[in-house]
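Chemist: Provided below are the primary sequence and the corresponding predicted coordinates.
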Amino acid sequence: MTDFENKTVLVTGGGSGIGLATARRLLEEGANVVLVGRDPERLATAAKDLDAGERVLTVAADVARPGDLDTVVDQVRERFGSLHGVFANAGIGLNARTADVTEADFDQVVGTNFKGSFFTVQKALPLLEEGSSIVLNASWLVHRGMGAGSVYAASKAAVLNLPRTLAPDLAEFGIRVNAVTPGHIRTEMFDMVAPVEPVREFFRGQVALGTLGTPKDIAETVLFLLSPKAAYITGQEFVVDGGLTGSVPA
């Protein structure tokens, strides 16, 4: 029996990229997976691709709307009864200079990235079994400034702070809370920022290992943090960036 046999894990932003890669690895390890995303068609495609039958529940919801998350919780309770893990992964980017950011931009980014992460955790609490694990998705931009990323980076800095406060707050329930911080990972969001090879090469050149990461690179770390192998780890950040934030390439 694996660490995740007969366990259920909620993954937001599960229709593509890091969320989908994490869902795939969880299923391979025996878990049931709840995929949450805003686009029903993308979720349906993801579920078909995962090909795990009743072990996958898809729920179309906007994490920035707590009422949508109530619907997610209701459907999880009806299908699986409880949860053993949460990966609060849903997020959106914004590449805009400070003078160009609108109030709508600000509300959308902060609403999805920070508010969405917080309420995903809050709404999931009644279903989380003792010994459960929560992982939040931060960003390398918490550690390195980029002129066109002020609002996005600030929203992710708020996300990164959450494990430090949620960990002691939820410890009495036996729930661990940690964060994973990805570097340059080849996802659809990354390809929007770096749509052509010269731009991708620029980003690749910032990484000590000289390569871009894959969604599976992050998924493996998330699985570790969700598993009993990380039973004595809480309130921590795990940076998975190939040396992007801590090293200067030779």
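Modeler: Cool, the structure landed. Numbering: from 1, shown residues only.

Chemist: Can you name the residues in contact with stretch 221-235?
Modeler: Under the criterion Cβ atoms under 8 Å, 6 or more residues apart in numbering, residues 3-4, 9, 18, 22, 25-26, 29, 85, 87, 131, 133, 135, 163-164, 166-168, 171, 176-178, 180, 238, 240 lie in contact with stretch 221-235. Using the backbone N, CA and C atoms, a C-beta is placed for each residue, glycine as well.

Chemist: hmm, try it at 6 Å
Modeler: 3, 22, 25, 85, 87, 133, 135, 163-164, 167, 176-178, 180, 238, 240 (Cβ atoms under 6 Å, 6 or more residues apart in numbering).

Chemist: Select from those every entry located in strands.
Modeler: G85, F87, S133, V135, R176, V177, N178, V180, F238, V240 (DSSP state E).

Chemist: Now do the same contact list for the fifth one.
Modeler: Pointing back at R176 there. Listed by Cβ under 6 Å, 6+ apart, the contact set of R176 reads S133, T234.

Chemist: swap the cut-off to 8 Å and go again
Modeler: S132, S133, I134, A167, L170, L225, A230, A231, I233, T234.

Chemist: For the last one, give its distance to F173.
Modeler: In this view, T234 and F173 are 12 Å apart by Cβ to Cβ, to the nearest Å.

Chemist: so after the lowest-mean-pLDDT helix or strand in the chain, what's the next helix or strand?
Modeler: Each helix and strand of the chain was given a mean pLDDT (mean pLDDT, DSSP states H and E); the minimum falls on helix 188-193 at a mean of 76. Using DSSP states H and E, the helix or strand that follows helix 188-193 towards the C-terminus is helix 197-204.

Chemist: Contacts made by that next one with the rest, please.
Modeler: H184, V193, A194, G210, T211, L212.
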